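Engineer: Fold the stuff below for me.
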Amino acid sequence: MTTQEAKKIRIADYLQSLGYIPAKQQGKSLWYKSPFREETEASFKVNTELNQWYDFGTGKGGNIISLAQELYGSDYVPYLLGKIAEQAPHVRPVSFSFRQQASEPSFQHLEVGELTHPALLRYLQERGINTALAQAECKELHFVHNGKPYFAIGFPNVAGGYEVRNRFFKGCIAPKDISHIQQSGELREKCLVFEGMTDYLSFLTLRMKNCPTMPNLDGQDYVILNSVSNVTKAIDVLHGYERIHCLLDNDEAGRKAYWELAGEFAGHIRDFSQNYNGYKDLNDYLCGKRQNLTVNPPLRTIVKPKKKGLGL
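Structural biologist: Numbers count the residues shown, from 1 in each chain. You can find the predicted model right below:
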């Protein structure tokens with residue numbers, strides 16, 4: 001995808017594909033609750049005529065490239081174009097009307113149940129993920145999106161929303177937020193941080209493969225960002241942990257997210273992405289999909305991997 005091709009995508013349609021819907025409409029402007037933070041009043045505006053956005057909370061705005069820069073925490077244009085291209089198959093033209101949007105939300109008739117559909121389990125298996133582990137962590141969602149019925153894997157977050165995945169669809173059911181998985185009512189000493197649900201499920205699969213005879217492997221809590229734009233929300237939750245281990249992506253957005261966390265938790269945080277250096281993320285490491293990364297390797301604390309597992 002080129003820059004010009006990306007700029008032809010309507011920002012409102014792109015936000016819709018990610019699960020963000022406007023709270024109100026004023027003429028040519030659509031107002032959203034900002035995708036960059038939690039808020040009660042909509043302060044994020046999209047001008048549908050100019051195809052430009054502006055966030056009054058940060059004073060930033062621009063085109064779809066600058067939006068992706070904020071969403072994915074990177075200013076490396078080839079990386080941003082790749083992220084937009086990944087989402088492009090899920091972008092559908094939407095005729096927004098505040099009256100219509102108020103009465104007909106993006107995701108309708110949501111039904112939440114146990115994860116059992118063979119197609120969804122097969123999708124997980126193709127990603128190398130243990131389906132029994134995924135069934136314990138995820139739900140099966142059935143819903144209507146833009147007038148069409150869908151079913152997908154749903155990964156719950158702390159605000160009551162879901163990350164939504166199947167072979168053909170990637171998005172979220174708002175509100176978008178982090179996921180915080182605690183093993184007990186009190187915070188454990190250690191917390192592991194992942195970028196997305198697939199990375200988290202890949203970690204659980206790898207851990208089970210490397211330690212199949214250990215009766216109790218849940219010695220720590222987990223935070224899943226569900227987007228690098230949620231780092232600020234994660235910071236609030238991570239206060240109180242003595243040790244924070246990050247297993248983020250080996251790309252510019254992952255490095256930026258790590259350094260943002262490291263600036264807050266210096267002395268308590270370690271980076272474990274070097275343990276799968278040469279792979280974009282934990283799922284690629286699980287599947288053996290080594291990549292030639294287009295950015296330089298991160299200059300972070302290097303943790304020497306053990307012969308098996310991730311050295312945790």
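Engineer: Any buried residues in stretch 49-64, and which?
Structural biologist: 51, 52, 53, 55, 61, 63, 64 (16 or more other Cβ atoms under 10 Å). Glycine gets a C-beta too; all of them are placed from N, C-alpha and C.
Engineer: Out of these, which sit inside strands?
Structural biologist: Using DSSP state E to define strands, the subset of the buried residues of stretch 49-64 located there is 52, 53, 55, 61.
Engineer: circling back: looking at the buried residues of stretch 49-64, which two lie furthest apart in space?
Structural biologist: 51 and 55 (15.4 Å; Cβ to Cβ).
Engineer: got any ranges where the stretch 201-312 of the chain has weak pLDDT?
Structural biologist: 212-218, 292-312 (pLDDT under 70).
Engineer: Next up, the contacts around the residue nearest to residue 278 when sequence neighbours are not counted.
Structural biologist: Excluding its sequence neighbours, the residue lying closest to residue 278 (Cβ to Cβ, 6 or more residues apart in numbering) is residue 290, at 5.2 Å. Residues in contact with residue 290 (Cβ atoms under 8 Å, 6 or more residues apart in numbering) are 278, 279, 284.
Engineer: Redo the ones in strands among the buried residues of stretch 49-64 as CSV? Include pLDDT and distance to residue 37.
Structural biologist: Formatted as CSV, these follow (pLDDT from 0 to 100; distance: Cβ to Cβ, whole Å):
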residue, pLDDT, distance to residue 37
52, 95, 20
53, 95, 15
55, 90, 9
61, 92, 15
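Engineer: from the residues you listed, which is closest to residue 40?
Structural biologist: Comparing these against residue 40 with Cβ to Cβ places residue 55 closest, at 15.3 Å.
Engineer: Would you state the strands of the stretch 51-200 of the chain in chain order?
Structural biologist: Applying DSSP state E, counting those that start in this stretch to the stretch 51-200 of the chain gives strands spanning 52-55, 60-62, 107-113, 139-145, 148-156, 162-165, 170-173, 179-181, 190-194.
Engineer: Pull the contacting residues for residue 107.
Structural biologist: Contacts of residue 107 (Cβ under 8 Å, 6+ apart): 19, 143, 144, 145, 173.
Engineer: go on, residue 249?
Structural biologist: Each residue near residue 249 by Cβ under 8 Å, 6+ apart is listed here: 195, 199, 273, 280, 281.
Engineer: Need the three-state assignment for it.
Structural biologist: Recorded secondary structure, residue 249: coil (DSSP: H, G, I helix; E, B strand; the rest coil).
Engineer: Over to it: give its phi and psi.
Structural biologist: For residue 249, the backbone dihedrals (degrees, to the nearest 10) come out as phi -70, psi 150.
Engineer: mind checking how far it is from residue 204?
Structural biologist: According to Cβ to Cβ, to the nearest Å, residue 249 stands 17 Å off from residue 204.
Engineer: Could you do residue 143 as well?
Structural biologist: 26 Å.
Engineer: before we move on, back to that, what's the ChimeraX syntax to select whichever of the contacts of residue 249 are buried?
Structural biologist: Selecting only the buried entries of these in ChimeraX, with 16+ other Cβ under 10 Å as the criterion:
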select :195,199,273,280,281
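Engineer: Keep only those of the contacts of residue 249 that are in helices.
Structural biologist: Using DSSP state H, residue 199 are the members of those that sit in helices.
Engineer: Now do the domain split for the protein, please.
Structural biologist: 3-103, 107-173, 179-287 (automatic domain parsing).
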